[in-house]
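# Provided below for reference: sequence and predicted model.
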Amino acid sequence: QVQLVESGGGLVQPGGSLRLSCAASGRFFSINNMGWHRQAPGKERELVALISSGGSKNFADSVKDRFTISRDNAKNTVYLEMNSLKPEDTAVYYCNTDVRLRAGELMTTYWGRGTQVTVSS
């Protein structure tokens, strides 16, 4: 099994910054994509940012110029640096990763439990 533990959420004023972290642990062969999704009240979960094992990155248009994503492969950890935060960024942020449990097997997607980010004055 794979566990994802997120940290770094909280309350921040508009224009402020937060850094989210997500560490993967457990027994697995390899990790491919790591990313972040978010879900605001009454809305569907949406992709925020994604980073491949090779470092390729994708961002939602709404965060492209404000958020950055990075990963530390030695620590199996992905980070989301969020700057110039807006009230509309308020949501529960979920980490996810595609893991190959054993060599030759298909990838399985795992999700963290989520961390609340609230942007408010």
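Perfect, thanks for sending it. Numbers count the residues shown, from 1 in each chain.
# Would you check how far apart the residue minimising distance to the centre of the chain and V48 are?
Centroid-nearest residue in the chain, with Cα atoms, centre = their mean: W36, separated by 2.5 Å. As for W36, its distance to V48 is 4 Å (criterion: Cβ to Cβ, to the nearest Å). C-beta: built from backbone N, CA, C; applies to glycine.
# before we move on, what about V2?
Going from V2 to V48 by Cβ to Cβ gives 20 Å.
# The two: who's more crowded?
V48 (23 against 17; other Cβ atoms under 10 Å).
# Could you report the pLDDT at that one?
pLDDT, V48: 98.
# Secondary structure of it: a strand, I assume?
Yes - judged by DSSP: H, G, I helix; E, B strand; the rest coil, V48 forms part of a strand.
# roughly how far apart are the closest residue to W111 other than its chain neighbours and G16?
Distances taken as Cβ to Cβ, 6 or more residues apart in numbering place N96 nearest to W111, at 5.0 Å, with adjacent residues excluded. Going from N96 to G16 by Cβ to Cβ gives 25 Å.
# so what's Y79 bridging to?
Note on Y79: beta-bridge partners S21, S70, judged by DSSP bridges.
# Noted, bye for now.
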